[in-house]
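Colleague: Return atomic coordinates for the entry below.
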Amino acid sequence: MPKVLKGGCLCGAVKFQCEDEFARFYQCHCKQCRQLSGSAYAANLFTEADNIEWLEGATQIKKFQHPSRDFSKAFCEKCGSALPFVTKSGKALLVPAGSLDDHPSIPVSANIFMSERVSWLRQDDQLECFDEFPD
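Modeller: I've put the predicted structure just below:
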């Protein structure tokens, strides 16, 4: 039986759990992820769309879906913390790595959208780098 990981937002209004069964773990350097995270990249895990159980505060979750581009973000309406959401295609659950209380067993798979990375971030030479999603 897989390990269950718990997570939530900073203020504690939203809590969830999911099984530690992630297919991919990317550090995304695209402009949208940088703007949504306020950092040099977003660290996101991907799993099956139904691999989540909301324990508290599901009604506190808001979602931003860009009107003309294919990206979005779910967040706590009280504190703004990033939270998991099902992707627009409905095929995967995106889990912001920082929303987890525990460490997932999967290591970071790759840096993606490196052509958009910020110049001041030192590159981790141990990870594969791609200018788009890998196959």
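
Colleague: For the strand ranked longest in the chain, name the packing helices and strands.
Modeller: In the chain, with assignment by DSSP state E, the single longest strand is strand 42-48. Helices and strands touching strand 42-48, by 3 or more CB pairs under 8 Å, 6 or more residues apart in numbering; DSSP states H and E, are strand 24-28, helix 31-37, strand 92-96. Backbone N, C-alpha and C define where each C-beta goes, glycine included.

Colleague: out of those, nearest to residue 82?
Modeller: strand 92-96 (4.0 Å; CB to CB).

Colleague: ok now the next helix or strand after the closest one, how far from the chain's centre?
Modeller: Counting by DSSP states H and E, the next helix or strand C-terminal to strand 92-96 is strand 110-112. Distance of strand 110-112 from its chain centroid, counting by CA atoms, centre = their mean, to the nearest Å, is 13 Å.

Colleague: average model confidence for strand 110-112?
Modeller: Here strand 110-112 scores 90 as its mean pLDDT.

Colleague: same deal with stretch 13-21?
Modeller: For stretch 13-21, the mean confidence score works out to 98.

Colleague: Buried residues of that stretch, list them for me.
Modeller: By neighbour count on 16 or more other CB atoms under 10 Å, the buried set for stretch 13-21 is 13, 14, 15, 16, 17, 18, 20.

Colleague: can you pull the contacts of the third one?
Modeller: Read it as residue 15. Counting by CB atoms under 8 Å, 6 or more residues apart in numbering, residue 15 touches 6, 7, 8, 9, 54, 55, 56, 57.
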